[in-house]
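> Test case, fold it:
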Amino acid sequence: MADMPDRSDSLDGPGRPDSRGGAHTEAEIRSQPALWRRAAESAPGLAAVLPRPGERVAVVGCGTSWFVAQAYAALRETAGRGETDAFAASEVPQGRSYDRLLALTRSGTTTEVLDVLGRARGAVPTVAITADPATPVMTAADELVVLDYADERSVVQTRFATTQLVLLRAHLGEDVANAIADAERALAEPLPEPAVRAEQFTFLGRGWTVGLAHEAALKMRESARAWTESYPAMEYRHGPISITGPGRVAWMLGEPPAGLAAQVDGVGGTMITSSLDPLADLVRVQRLAVELARAQGADPDRPRNLTRSVILDAS
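Numbers count the residues shown, from 1 in each chain. Prediction:
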């Protein structure tokens with residue numbers, strides 16, 4: 001059995017919960033560099049469980065997990081490890097042939113993910129990455145990776161999503177040491193002032209960071225109820241740039257296309273870029289979401305209309 005989650009980072013002193021809204025989310029955001037190191041160290045021991053080189057792989061998830069699936073699929077194909085498709089678990093097409101199905105589910109209880117695993121049983125090998133070792137996914141998948149040390153008290157995912165992506169990047173052979181160091185910088189440096197003051201955000205990505213852009217926008221909507229959009233960076237020019245203007249931010253995760261910053265500036269918007277690893281830059285967005293939520297009196301630990309897992313009523 002893997003180690004159980006360490007909940008001590010959610011307390012403001014021994015045994016005393018932090019009274020501020022978003023205390024759990026903030027603590028979970030802060031814990032990411034240490035968890036990323038642990039995940040990277042564990043990657044070599046999971047070579048026989050995670051997708052093998054050359055396999056044709058489908059990756060499924062819901063919400064944040066779907067966006068992580070998108071990022072991993074792009075990284076895996078770029079690394080030459082094999083064709084990789086990412087699907088929302090509710091939208092997996094019928095009749096396609098795969099060598100392995102990878103399911104991403106923090107809770108291990110999400111209805112759509114369990115349905116996909118049930119349909120795949122006996123037809124294709126399946127593996128799931130989860131945070132909870134006492135949930136239905138433990139018997140629904142053929143093989144398991146349990147990251148219970150990265151589980152979260154907050155409804156909104158932060159550290160579990162990023163920790164599993166670090167694990168998958170390390171499994172693909174990446175040296176993630178710089179990403180971990182950048183995450184520490186992302187936690188220490190001040191947030192971009194234009195973002196703190198902005199009224200609207202558009203997150204942009206290229207390649208594997210398109211999934212991160214979608215996740216950044218989701219974090220801002222979930223935690224801060226902010227007006228956010230997300231697009232592949234080149235697609236942003238084909239219509240969405242019309243939303244940009246004074247008081248509005250285009251935040252690029254990764255290297256922007258040539259000339260894009262000048263276009264944003266030309267219509268009065270502000271473009272935010274960073275030399276940080278894009279996953280570490282996502283940590284800055286997580287911090288921003290907490291800050292903006294608190295500024296409006298919202299509690300990031302208890303986002304409106306959301307629960308930790310979506311479990312559909314079969315009736």
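> Please name the nearest non-neighbouring residue to the residue nearest the centre of the chain.
Centroid-nearest residue in the chain: A161, 4.2 Å away (criterion: C-alpha atoms, centre = their mean). Spatial nearest neighbour of A161, chain neighbours left out: T64 (4.8 Å); criterion: C-beta to C-beta, 6 or more residues apart in numbering. The C-beta positions use only the backbone N, C-alpha and C, and glycine is treated the same way.
> what sits against the one you found?
106, 157, 161, 215, 218 (C-beta atoms under 8 Å, 6 or more residues apart in numbering).
> and which of those is nearest Q94?
Among the contacts of T64, R106 lies closest to Q94 (C-beta to C-beta), at 26.1 Å.
> From V137, how far off is that closest one?
As defined by C-beta to C-beta, to the nearest Å, R106 lies at a distance of 10 Å from V137.
> Report the set of residues contacting both of those two.
T130.
> Those two: which has the busier surroundings?
Taking neighbours as other C-beta atoms under 10 Å, R106 and V137 compare with R106 leading, 28 against 24.
> pretty sure the more buried one contacts A131?
Yes: R106 is in contact with A131 according to C-beta atoms under 8 Å; the separation is 4.7 Å.
> Could you tell me which residues touch both of the two?
151-152, 160.
> which one of the residues you listed is nearest Q296?
Nearest to Q296 among those: E152, at 22.2 Å, using C-beta to C-beta.
> Could you find the closest non-adjacent residue to the closest one?
E28 (5.2 Å).
> can you confirm that neighbour is in a helix?
Yes: with DSSP: H, G, I helix; E, B strand; the rest coil as the criterion, E28 is located in a helix.
> Could you check how far it is from I129?
17 Å.
> ok, now L187?
Counting by C-beta to C-beta - L187 and I129 are separated by 24 Å.
> Of the two, give the one with the bigger neighbour count.
A side-by-side neighbour count of L187 and I129, using other C-beta under 10 Å, places I129 first with 30 against 17.
> what about the more buried one, which helix or strand?
Element membership for I129, per DSSP states H and E: strand 126-130.
> got a list of contacts for that strand?
49-51, 100-108, 113, 117, 120, 137-138, 140-147, 164, 167.
> just to revisit the earlier point, gap between the residue nearest to A161 and N178?
With C-beta to C-beta as the criterion, T64 and N178 are 24 Å apart.
> try R37
12 Å.
> Those two: which has the busier surroundings?
Comparing R37 with N178 by neighbour count (other C-beta under 10 Å), the higher total belongs to R37, at 16 against 12.
> where do the strands sit along the chain?
57-61, 84-88, 100-105, 126-130, 143-146, 200-205, 228-232, 248-253, 270-272 (DSSP state E).
> Return the second one as CSV; C-alpha atoms alone will do.
Once non-C-alpha atoms are left out, strand 84-88 reads as follows in CSV (Å, rounded to 0.1, in the frame of the first residue of the first chain):
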residue,chain,number,x,y,z
THR,A,84,-1.9,8.9,-28.6
ASP,A,85,-5.5,10.2,-28.5
ALA,A,86,-7.0,12.2,-25.6
PHE,A,87,-10.8,12.1,-25.1
ALA,A,88,-13.3,13.4,-22.6
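> packing partners for it?
strand 57-61, helix 64-78 (3 or more C-beta pairs under 8 Å, 6 or more residues apart in numbering; DSSP states H and E).
> List the strands paired with that strand, with their directions.
strand 57-61 (parallel) (DSSP bridges).
> Touching the partner strand from outside, list them.
Against strand 57-61 from outside (C-beta under 8 Å, 6+ apart): 51, 66-69, 72-73, 76, 82-89, 92, 96, 98-105, 113, 116.
> just stretch 227-240 next, same as before
With C-beta under 8 Å, 6+ apart as the criterion, stretch 227-240 contacts 199-206, 210, 213-214, 216-218, 220-221, 243, 250, 252, 256-257, 260, 263.
> List the buried residues of it.
Neighbour-count burial for stretch 227-240, counted by 16 or more other C-beta atoms under 10 Å, picks out 228-233, 236.
> Just the closest of those residues to L172, please.
Out of the buried residues of stretch 227-240, the member with the shortest distance to L172 (by C-beta to C-beta) is P232, at 21.4 Å.
> so can I have CSV of the helices and strands packed on strand 84-88 showing mean pLDDT and distance to L279?
Conversion of those to CSV gives the following (pLDDT from 0 to 100; distance: least, C-beta to C-beta, whole Å):
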stretch, mean pLDDT, distance to L279
strand 57-61, 98, 16
helix 64-78, 98, 8
